[in-house]
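Q: sequence and predicted model, in that order:
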Amino acid sequence: GLLLKAFKQIESKKTHLYGQEKNMQTWALCRMNMFLHGVDDATIWQGDTLSNPGNVENDRLMKFQCIVANPPFSLDKWDSGFLPDTESENGKKAKMTADLDIYHRFDIGVPPSSKGDYAFVLHMLSSLDDTTGRMGIILPHGVLFRGASEGRIRQAIIEQFNFLDAVIGLPANLFYGAGIPACILIFRKDRGTNDKVLFVDASGEGHYEKGKNQNILRDEDVQKIVDTYKAYKTDLSYNDEDKFSHVATLQEIRDNDYNLNIPRYVDTFVEEELIDIDQVQKNIADIEAELAEVQAQMKKYIEELGL
């Protein structure tokens, strides 16, 4: 569905679609979906995208101009396809290392076995065209601030390669089966000397519609995000929108130790109205006086009734 949505944005339709899915049933549904939408020549591989990528040509990863993905959030044991089932010589389970990947996708860092988010990010970045490549990936917010190897990978992507273009925060309960809030990371290989990153917080009230079982991004909510990103890309003097967007410099991100948590860049704090203590005390006194009057009247009624 995501691949077809992206395809519909191409007016000329002069493109070729590629995809990969590990689950056999989902892969078959994807193939059927392509045919139903008139895309008869799509190349959809079946298999593990990480340990057995289908997009290989002449023993190298194929390069694409545009990549979109919504991989499984924080996939546990994502590296199982690289590791032997048997234990290593010292009796411990073998661990994933960069040299086990013949395509060198993890040379800047190996994501933790329990969280495969950056494994998919690194695979996609390795599959991007080196001049015009751009990609959008939906991930949990943890990728923005988790440390250890993920922190080092995040730093390299930002500082060493300058690929990160935008971070867009989405509301919680937006996707089926995932109640946690998600984010969209936009990466581009055509950023040139631009070292700024756009941060958008679309998770606040007013930026989506609350549903009974699931929240919804309305057309106007999506359009606002798109317009903000386009303005950032076309206007070098783009101004931040209060409580919604901020363009951060590389130095700002360095100062935050490469932590991309959106509230560090987009201030959504709403200052509460100051309380007039004198007026509150007067109101309490008025209420107490009124209550005493009512109690006196009640006592009078009770005496008249002889109770």
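A: Structure received.

Q: P53 and Y103 touch, don't they?
A: Yes. The pair P53 / Y103 is scored as a contact, 7.2 Å apart, by CB atoms under 8 Å. Placement of C-beta: from N, CA and C, glycine included.

Q: centroid-nearest residue for this protein?
A: The residue lying closest to the centre of the chain (CA atoms, centre = their mean) is C183, at 1.7 Å.

Q: and the pLDDT at that one?
A: The score at C183 is 96. That number is its pLDDT.

Q: so it belongs to a strand, correct?
A: Yes. Counting by DSSP: H, G, I helix; E, B strand; the rest coil, C183 falls inside a strand.

Q: OK, contacts around it?
A: 138-141, 143-144, 167-170, 262 (CB atoms under 8 Å, 6 or more residues apart in numbering).

Q: out of the residues you listed, flag the one nearest to E150.
A: V143 (6.8 Å; CB to CB).

Q: can you list the buried residues in the one helix or strand that closest one maps to?
A: Per DSSP states H and E: V143 is located in helix 142-145. Going by neighbour count (16 or more other CB atoms under 10 Å), the buried part of helix 142-145 is 143-145.

Q: tell me the one of those nearest F64?
A: Using CB to CB, the buried residues of helix 142-145 come closest to F64 at V143, 21.4 Å.

Q: quick one on the thing from earlier: overlap in contacts of P53 and Y103?
A: L61.

Q: re earlier: which elements pack onto the helix holding V143?
A: Contact here means 3 or more CB pairs under 8 Å, 6 or more residues apart in numbering; DSSP states H and E; on that basis helix 142-145 packs against helix 117-126, strand 182-188.

Q: looking at these, which is buried most?
A: Per residue and on average, the most neighbours among the helices and strands packed on helix 142-145 fall to helix 117-126, with a mean of 23 (mean count of other CB atoms under 10 Å).
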